[in-house]
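Asker: Sequence below, structure please.
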Amino acid sequence: MLRLAAAIGLAWLAGAGAAAPARIGVDEVDAALARAKVPAEAMVVLVQEVGASRPRLAWQPDVAVNPASIMKIVTTSAALDLLGPAWTWTTPVWLQGPVVEGALQGDLVIKGSGDPKLVLERIWLLLRRVRQMGVRDIRGDIVIDRSAFSIPDQSPGDFDNEPLRPYNARPDALLLNYRSLLATFTPDPARGVAAIAIDPPLAGVRADAAVPLGRGPCEDWRNELRADFTDPARVRFAGAFPLACGEKTWAVAYADPRSYAERLLPALWAEVGGQLQGRVREGIAPSARPAFEIASPPLADVIRDINKYSNNVMAQQLFLTLAATQGGTGTFEAGRIVVRRWLDEHVGASSVSVVLDNGSGLSREGRASARLLANVLEWAWSSPVMPELMSSFPVAGVDGTLKRSRPGRAHLKTGSLRDVAGVAGYVLGATGKRYVVIAIVNHANANAARPALDALVQWASDDLAVAPPAVGR
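Answerer: Predicted coordinates for the structure are as follows:
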């Protein structure tokens, strides 16, 4: 049983001038912070039973800190309320011209509305639908309309100089398969190689078909492959793949995201038996009724992916969708206005100090207080969308970003950046009470302080002997 000590409201004791380090007030949390060489001032905490008037523990609850991906709680809560859990994105398609003996005498037009789940399988189904309408040969172009969003022109590597990391994918009104590649390595001991399969196919892109097998243990197998994904026209592997690994997959962002659509669509069109006489180009969709539309999975399903796996580009797609549908223009600035207004109207905590940036938490500028985040979770608990939001959070020790964590009675959204570590969500106590728990560390040693986060969650869960509420600074 973890023990709650008296919370200290001041970081420094007055008197003879001897300075004492500040303490959060939970012995195991303070000990874990000390081991990580992280001062208590670098952490914010709020633990409160849902519906209670006073917190069980509060430490610097009004200090605005970088919440990293915990910011997704704000975006997904606002979206569930403003759009509804059954809301879907639609992607309309036009055939501009008659179809004569299997040939479309004009352009095929596809307009994006921000669908975050326009993945390989659904793109294939879209093109298959075109084939089912009798089109075999497109005599014109494939025209893609991205005008629903207006996004600053930035490189995927601007955030951390890692442009090939899938989490750095930039949002797009017509985001196709996250502009990513998936390499699958399948050992073939008889041939002494691992076969390589690259999905999706991209026109004009070649990849090595196999790589030699290695005899070592399956440890840092990605580095052992000595991969080169930087050439947009060629994927190479100069190393070896350990036989001990079995089959593995590796997702990477495509080196030239601007050309992804113009390479992907012709390749997939050819796979479904089609021919393209023209090219893929950008344009504006007609105002006429489309030939058909494809719908995304419902929002409730989408936010499970956003929160369970902390998908940054999907969160940004949702943030921009709120901007386009509630603010009239698909920009980050409009999204910030929409979500800040929602916070002011629904949450009951001042949004003055919140910095939303792009809505995903993949930001050095994002800021939110523990109290504001806790108030969002309190609002959600009594709202009609509580089941959808809570079920979208990773379950401790079971799935998502908490799959490898200590098992517990907790649904928690995680946050992680360089110098940031945190958790936020709901914890079920041993007494049957449910608690909102927010704990965020901003410090150069933040990742070393994760045991302090685990200790706090455990303390919240072990509530059979609850001390009086402790309120820190």
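
Asker: show me where the stretch 351-473 of the chain has helices.
Answerer: In the stretch 351-473 of the chain, the segments counted as helices under DSSP state H, counting those that start in this stretch are 370-381, 386-392, 450-461.

Asker: in the second one, what counts as buried?
Answerer: Translated: helix 386-392. By neighbour count with 16 or more other CB atoms under 10 Å, helix 386-392 contains the buried residues 386, 388-390, 392. All C-beta spots, glycine's among them, are computed from the backbone N, C-alpha and C.

Asker: got CSV for the residues you listed, with distance to Ala430 and pLDDT too?
Answerer: What follows is the buried residues of helix 386-392, written out as CSV (distance: CB to CB, whole Å; pLDDT from 0 to 100):
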residue, distance to Ala430, pLDDT
Met386, 22, 97
Glu388, 27, 98
Leu389, 24, 98
Met390, 19, 98
Ser392, 25, 98
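
Asker: Tell me how many other residues crowd Arg404.
Answerer: One way to gauge burial is a neighbour count; for Arg404, by other CB atoms under 10 Å, it gives 6.

Asker: any idea how far Ala240 is from it?
Answerer: Distance, Arg404 to Ala240, by CB to CB, to the nearest Å: 27 Å.

Asker: Sketch out the low-pLDDT regions of this protein for me.
Answerer: Low-confidence segments of the chain (pLDDT under 70): 1-20, 157-158, 160-161, 349, 465-473.

Asker: Which residue ranges of it form helices?
Answerer: Assigned by DSSP state H, the helices in the chain fall at 27-35, 72-83, 120-132, 221-225, 260-271, 299-308, 312-322, 332-346, 370-381, 386-392, 450-461.

Asker: would you turn the helices of the stretch 351-473 of the chain into CSV with distance to Lys433?
Answerer: Conversion of those to CSV gives the following (distance: least, CB to CB, whole Å):
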stretch, distance to Lys433
helix 370-381, 12
helix 386-392, 15
helix 450-461, 10
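
Asker: count of residues packed around Pro152?
Answerer: Counted with other CB under 10 Å, the burial measure for Pro152 works out to 8 neighbours.

Asker: swap in the one 4 residues further on?
Answerer: One way to gauge burial is a neighbour count; for Pro156, by other CB under 10 Å, it gives 21.

Asker: Who are the contact partners of it?
Answerer: The contact partners of Pro156, by CB atoms under 8 Å, 6 or more residues apart in numbering, come to 163, 165, 168-170, 253, 257.

Asker: That one and Ser363: what is the separation?
Answerer: Pro156 sits 14 Å away from Ser363 when distances are taken as CB to CB.

Asker: cool, Thr75 as well?
Answerer: Look at Thr75 and Ser363: by CB to CB, they are 12 Å apart.

Asker: neighbour count winner among those two?
Answerer: Set side by side, Thr75 and Ser363 give different neighbour counts by other CB under 10 Å, the larger being at Thr75 (25 against 20).

Asker: now the more buried one, nearest residue through space, not along the chain?
Answerer: For Thr75, the nearest residue in space outside its immediate sequence neighbours is Gly359; the separation is 4.2 Å by CB to CB, 6 or more residues apart in numbering.

Asker: same check, this time on Ile73
Answerer: Nearest in space to Ile73, with sequence neighbours left out and distances taken as CB to CB, 6+ apart, is Lys413 at 5.4 Å.

Asker: so that neighbour touches Val74, yeah?
Answerer: No. When contacts are counted by CB atoms under 8 Å, Lys413 is not listed as touching Val74 (10.4 Å).

Asker: Next, count neighbours for the nearest residue to Ala300 once chain neighbours are set aside.
Answerer: Nearest residue to Ala300, sequence neighbours excluded (CB to CB, 6+ apart): Pro85, at 3.9 Å. Counted by other CB under 10 Å, the residues lying close to Pro85 total 18.

Asker: next one: Leu174
Answerer: As a burial measure, Leu174 scores 20 neighbours (other CB under 10 Å).

Asker: out of the helices of the stretch 351-473 of the chain, nearest to Arg304?
Answerer: Checking these against Arg304 by CB to CB gives helix 386-392 as the closest, at 4.6 Å.

Asker: who's in contact with that closest one?
Answerer: Residues from elsewhere that reach helix 386-392 (CB under 8 Å, 6+ apart): 73, 76-77, 80, 85, 300, 303-304, 306-308, 380, 411, 425-426.

Asker: returning to what we had before: tell me the contacts of the residue nearest to Thr75?
Answerer: Under the criterion of CB under 8 Å, 6+ apart, the contact list for Gly359 reads 71-72, 74-75, 315-316, 318-320, 322, 332, 335-336, 339.

Asker: Reformat these as JSON lines; add distance to Ala31.
Answerer: Below are the contacts of Gly359 laid out as JSON lines (distance: CB to CB, whole Å):
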{"residue": "Met71", "distance to Ala31": "29"}
{"residue": "Lys72", "distance to Ala31": "30"}
{"residue": "Val74", "distance to Ala31": "32"}
{"residue": "Thr75", "distance to Ala31": "35"}
{"residue": "Ala315", "distance to Ala31": "34"}
{"residue": "Gln316", "distance to Ala31": "38"}
{"residue": "Leu318", "distance to Ala31": "39"}
{"residue": "Phe319", "distance to Ala31": "38"}
{"residue": "Leu320", "distance to Ala31": "43"}
{"residue": "Leu322", "distance to Ala31": "42"}
{"residue": "Phe332", "distance to Ala31": "41"}
{"residue": "Gly335", "distance to Ala31": "41"}
{"residue": "Arg336", "distance to Ala31": "39"}
{"residue": "Val339", "distance to Ala31": "38"}
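
Asker: And those, which is closest to Gln277?
Answerer: When the contacts of Gly359 are compared for distance to Gln277, the smallest value, 33.7 Å, is given by Leu320; criterion: CB to CB.

Asker: Now do the contacts for the closest one.
Answerer: Contacts were defined as CB under 8 Å, 6+ apart; by that measure Leu320 touches 114, 149, 151, 171, 173, 330-332, 335, 359.
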